[in-house]
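Asker: Fold the following and give me the result.
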Amino acid sequence: MCVADDISPRNTEAMGREAEANSYASQLVLPDYLAAPRAKAIPFTLDGAQDLAKTFRSSLTAAALKLLRHSEHPTALVCHSADGSYWFRKSRTFPSDAFICSELHHDSQGFTLLYGAEGGRTRPHAEPATRWMSSSGTRGKELRCQSMKMPNGSVLSTLALPS
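Answerer: Take a look at the predicted model:
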């Protein structure tokens with residue numbers, strides 16, 4: 001029988017085991033030696049992640065995380081839900097002083113998907129970087145983003161800063 005700590009571990013040791021299991025599963029489904037060359041040739045968008053997911057028969061989220069891992073550009077993947085919870089991952093080239101906003105900005109297309117549309121996906125487009133993150137270097141800059149409403153009601157978004 002599963003207990004809460006089996007599903008969502010709270011201690012460091014259990015979280016380390018879960019991270020190790022996730023890494024192992026990622027290599028089974030999207031092995032780096034096959035996925036990395038393809039990932040480097042695909043734009044960091046949800047459309048690109050969907051292409052990679054189809055090729056490897058993986059989930060969209062797993063493919064997007066693989067694209068992020070192999071991105072040479074400053075990119076991030078963020079997931080927001082209506083209850084305010086969110087998670088994000090940043091590429092190694094993403095500015096270390098940039099903080100992803102915990103809530104969707106009311107003027108973002110992701111907000112419209114989260115609180116309005118039944119489903120759907122935006123096209124890759126430019127939005128002010130300050131809608132998605134805070135950093136001393138983002139004022140007046142734009143980033144490219146794309147958002148999609150996931151089956152569980154959350155919104156998954158790709159963010160790409162200009163190189």
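
Asker: Show me the domain layout of this structure.
Answerer: Split into domains by automatic domain parsing, the chain comes to 10-71, 73-163.

Asker: mean pLDDT for those: which is lowest?
Answerer: The weakest mean pLDDT among these belongs to domain 10-71, with a mean of 79.

Asker: for the residue most central in space within the chain, what are its contacts?
Answerer: The chain has L77 as the residue nearest its centroid, 2.1 Å off, counting by CA atoms, centre = their mean. L77 is in contact with 64-65, 68, 88-89, 156-159, counting by CB atoms under 8 Å, 6 or more residues apart in numbering. Glycine gets a C-beta too; all of them are placed from N, C-alpha and C.

Asker: mind checking which helix or strand it is in?
Answerer: L77 belongs to strand 75-80 when assigned by DSSP states H and E.

Asker: K66 now?
Answerer: Applying DSSP H and E as the criterion places K66 in helix 60-69.

Asker: in that helix, what counts as buried?
Answerer: 60, 62-69 (16 or more other CB atoms under 10 Å).

Asker: Helices of the protein, start to end?
Answerer: Applying DSSP state H to the chain gives helices spanning 4-7, 12-29, 32-40, 46-56, 60-69, 109-115.

Asker: List the contacts of the residue nearest to P128 when sequence neighbours are not counted.
Answerer: Excluding its sequence neighbours, the residue lying closest to P128 (CB to CB, 6 or more residues apart in numbering) is E142, at 5.9 Å. Applying CB under 8 Å, 6+ apart to E142 gives the contacts 126-129, 162.

Asker: what sits against P95?
Answerer: Contacts of P95 by CB under 8 Å, 6+ apart are 74, 135, 137, 161.

Asker: What count of nearby residues applies to V78?
Answerer: Counted with other CB atoms under 10 Å, the neighbours of V78 add up to 23.

Asker: isn't S59 right up against A53?
Answerer: Yes. Using CB atoms under 8 Å, S59 is in contact with A53, at 6.4 Å.

Asker: Of these two, give the one with the bigger neighbour count.
Answerer: A53 (21 against 13).

Asker: for that one, what are its contacts?
Answerer: 59-60, 62-63.

Asker: what about 6 Å?
Answerer: Under the criterion of CB atoms under 6 Å, 6 or more residues apart in numbering, the neighbours of A53 are 60, 63.
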